[in-house]
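>>> model the following, please.
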Amino acid sequence: HWWVEYYGPTNTLEVYFNLSDNDRSAATLAFSTTADLYTTLNDSGVSQAWVGFTGASHDSDGLMQVLAWDFELFNDVDGRVVSFPSARFDDVEDCFQLNGDADENGGLIRLVPASSDRTGTVWLGNPMRFRPDTNFSSNFSFSIDGETNGLTFTIQGSGSNVLGNYLGISGIGNSVIVEF
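Here you go, the predicted model:
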């Protein structure tokens, strides 16, 4: 299980992991960095972004799946808490935008099938609207079987139909990307 957490007032992005269970209190800090999401994502005075995953298997035959994903945004532009709990992806059509080779596969999101030269993305269907003091927490698990180019957790301001090249991210502007 992985956690990506962002603290807007300090512009701190942290990534944690716990490979044995879903216990955040026992998770290990993988890295911490500074990222000003509000400025990075700001477009015409409205800072909005689509949150999701990208993956690619250009020269390999690896299978990538997002097994579970919860996302919670605190202090959106209206001061609300916005939650997307999705222990399993049962409402794919209503909540998510799948692009490229991504599809729903038995309650999971398959970013790319086990074949080469594939790219897929999945985004929350509605954009998140950020302000300088916005915080978020995202908890997810994924599987990678075989060799792949990798998977990313991405926050981007280019839209819900975005599908980049290398790792599914090349060419996506206004973004913050965590690569696995």
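>>> how far does the helix or strand harbouring Ala68 sit from the chain's center?
In this structure, Ala68 sits in strand 63-74 according to DSSP states H and E. In this view, strand 63-74 has its centroid 7 Å away from the chain centroid, taken as CA atoms, centre = their mean, to the nearest Å.
>>> what's that strand in contact with?
Outside strand 63-74, the residues that touch it by CB atoms under 8 Å, 6 or more residues apart in numbering are 51, 53, 55, 57, 81-89, 105, 108-114, 120, 122, 124, 128, 134-146, 148, 151. Every residue, glycine included, has its C-beta placed from N, CA and C.
>>> pull out the buried members of those.
Applying a neighbour-count criterion of 16 or more other CB atoms under 10 Å, the buried members of the contacts of strand 63-74 are 51, 53, 55, 57, 82, 84, 86, 89, 108-113, 120, 122, 124, 128, 134-140, 142, 144, 148, 151.
>>> so which of those belong to strands?
Per DSSP state E, strands hold the following members of the buried ones among the contacts of strand 63-74: 51, 53, 55, 82, 84, 86, 108-112, 120, 122, 124, 128, 135-140, 142, 144, 151.
>>> got any ranges where the protein has weak pLDDT?
Under the criterion pLDDT under 70, the flagged ranges of the chain are 43-46, 59-60, 76-77, 85-93, 147-149, 165-170.
>>> tabulate the CA atom coordinates of the strand holding Ala68 in PDB.
The C-alpha coordinates for strand 63-74 follow below in PDB (Å, rounded to 0.1, in the frame of the first residue of the first chain):
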ATOM      1  CA  LEU A  63       0.600  -6.000 -16.900                       C
ATOM      2  CA  MET A  64      -0.200  -3.000 -14.600                       C
ATOM      3  CA  GLN A  65      -3.300  -2.800 -12.400                       C
ATOM      4  CA  VAL A  66      -4.500  -0.300  -9.800                       C
ATOM      5  CA  LEU A  67      -6.100  -2.600  -7.200                       C
ATOM      6  CA  ALA A  68      -7.600  -0.100  -4.800                       C
ATOM      7  CA  TRP A  69      -7.600   3.700  -4.500                       C
ATOM      8  CA  ASP A  70      -8.900   6.300  -2.000                       C
ATOM      9  CA  PHE A  71      -8.500  10.000  -2.500                       C
ATOM     10  CA  GLU A  72      -9.500  12.800  -0.100                       C
ATOM     11  CA  LEU A  73      -9.100  16.500  -0.800                       C
ATOM     12  CA  PHE A  74      -9.300  19.000   2.100                       C
END
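>>> all set now, cheers.
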